[in-house]
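*Asks:* structure for this input, please:
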Amino acid sequence: MNDGWSPGALDRWVRQSWGRFLLLTLGLTVTGTAVIVLVTAVLTRSGFFSEDSRFWHGDGPAWADVVGFLLCVAGVAWAGGSSWWLVRNGFYQRSRLWRAESWSRHRHLVQQVRGTAASRDEDRPLLPVVAKHLIDQPRFLPTLCGLALFQVGQVFLQWAPGFVLIAVLFVGLLAVMAALSLRSARQARAFLAESGR
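*Replies:* Below you'll find the predicted structure:
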C-alpha cells in the first residue's frame, strides 16, 4: 500500500478505505443510539427527569430568557457560518486521510510528525499530508465555539444546575481541544520547516 507512490496513489488508497470508514461510522451510530435509548429509559424510570426535578427545570428571570435566546441564536449562526466557510474553502476534504486510516495507524503517523515516534521510510510520503492536516485543525475551532456559545445560552434559558454542568464540561473540553490542536499545528509547521516542504 505504501510502496511506489504515484500522484494518484493516495486518492486510490482513500477510495479503497472509504467502505471501512462508513462501516465504522454506522457501527458507532447504532451503538451510540442504543446506549442513549437504554440510559434514557433507566433515568426516566428513576424519576431523574421528572417535571418537578429542579436539576433540569428552573424558573429564571425574564432577562435570562432574552440573554439565553440571543446566545443560542448567535451560537447557531456562528457554528453554521464557520461550517459553511470550512466546506466552501475545502478544509473538510483535506481530512479524507483521517477517514481512510485506522485509529492506531493515524495515531502513529501523527506521532511521527510531532517527533515523538521514529520516522519510518514507508510513511515518509504520507507525513507532509498529515502535517498539513494538523495545521488545518485549528480552523475547525470556530464551529465548536459556536456550539459552546449555544450551550451557554441553554444555561440561561433553562436556569438549572444540569445545564450549567453540561456547559462547563463542554467549554472545558473545547479548551483542551483548542490547546491540543494549536500545539499540534505548531509541531506540524516545525516538521514541514525541518523537512524543507
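*Asks:* residue 130 against residue 109, yeah?
*Replies:* Yes. Using CB atoms under 8 Å, residue 130 is in contact with residue 109, at 4.7 Å. Glycine gets a C-beta too; all of them are placed from N, C-alpha and C.
*Asks:* what about residue 108, which SS state?
*Replies:* Under DSSP: H, G, I helix; E, B strand; the rest coil, residue 108 falls in the helix class.
*Asks:* use 20 as the first number from now on
*Replies:* Sure, I'll start counting at 20 from here, so that last one is residue 127.
*Asks:* residues in contact with it?
*Replies:* Shown in contact with residue 127 (CB atoms under 8 Å, 6 or more residues apart in numbering): 136, 142.
*Asks:* swap in residue 163?
*Replies:* When contacts are counted by CB under 8 Å, 6+ apart, residue 163 touches 98, 193, 196.
*Asks:* check which helix or strand covers it.
*Replies:* If you go by DSSP states H and E, residue 163 is part of helix 160-177.
*Asks:* from the contacts of residue 163, which land in strands?
*Replies:* For the contacts of residue 163, not one is inside strands, with DSSP state E as the criterion.
*Asks:* filter those down to the buried ones, ChimeraX style.
*Replies:* Here is the ChimeraX selection string for the buried members of the contacts of residue 163, based on 16 or more other CB atoms under 10 Å:
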select :98,193
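*Asks:* quick one: pLDDT of residue 122?
*Replies:* What the model reports as pLDDT for residue 122 is 71.
*Asks:* repeat that for residue 52.
*Replies:* 87.
*Asks:* roughly how far does it sit from residue 94?
*Replies:* Residue 52 is 25 Å from residue 94, where distance means CB to CB, to the nearest Å.
*Asks:* ok, the two, which is more surrounded?
*Replies:* Between residue 52 and residue 94, counted using other CB atoms under 10 Å, the more crowded position is residue 94 (20 against 10).
*Asks:* tell me which helix or strand the more buried one sits in.
*Replies:* helix 81-107.
*Asks:* who does that helix touch, helix- and strand-wise?
*Replies:* helix 160-177 (3 or more CB pairs under 8 Å, 6 or more residues apart in numbering; DSSP states H and E).
*Asks:* quick check: angle from the helix it packs on to helix 81-107?
*Replies:* 160 degrees (axes from the mean of the first three to the mean of the last three CA atoms, to 10 degrees).
*Asks:* pipe the contacts of residue 163 into CSV and attach distance to residue 61 and pLDDT per row.
*Replies:* Formatted as CSV, the contacts of residue 163 follow (distance: CB to CB, whole Å; pLDDT from 0 to 100):
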residue, distance to residue 61, pLDDT
98, 31, 92
193, 28, 90
196, 30, 90
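*Asks:* any chance of the contacts of residue 163 in CSV, plus distance to residue 202?
*Replies:* Formatted as CSV, the contacts of residue 163 follow (distance: CB to CB, whole Å):
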residue, distance to residue 202
98, 24
193, 15
196, 11
